[in-house]
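Undergrad: sequence first, then the predicted structure, then my questions.
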Amino acid sequence: MKITTDELCRRSGVSPSTVLRTLNGSSAISEETKRGVSPPGKRVES
């Protein structure tokens, strides 16, 4: 099952732009936020 950006926003409690920055590997996002936003079964690398 695919998860949408909106679903990640609801689950992690952050804005859509934060989700997209995290998924795109922005260095402006904290490690804590990266861990909270990563999709189930995936780890966002910095």
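TA: In hand now; what should we look at? Numbers count the residues shown, from 1 in each chain.

Undergrad: which residues sit in contact with V14?
TA: Shown here is V14, whose contacts under the criterion CB atoms under 8 Å, 6 or more residues apart in numbering are 33, 36-37. Just so you know, the C-beta spots here come from the backbone N, C-alpha and C atoms, and that holds for glycine as well.

Undergrad: then V37?
TA: 8, 12, 14, 18-19, 22-23, 29, 44.

Undergrad: circling back: what is the nearest of the contacts of V14 to I3?
TA: V37 (11.0 Å; CB to CB).

Undergrad: got any ranges where this structure has weak pLDDT?
TA: 1, 39-46 (pLDDT under 70).

Undergrad: helix or strand: which one has R21?
TA: helix 16-23 (DSSP states H and E).

Undergrad: hmm, back to that, out of the contacts of V37, which is nearest to K2?
TA: The closest of the contacts of V37, once distances to K2 are taken by CB to CB, is L8, at 11.1 Å.
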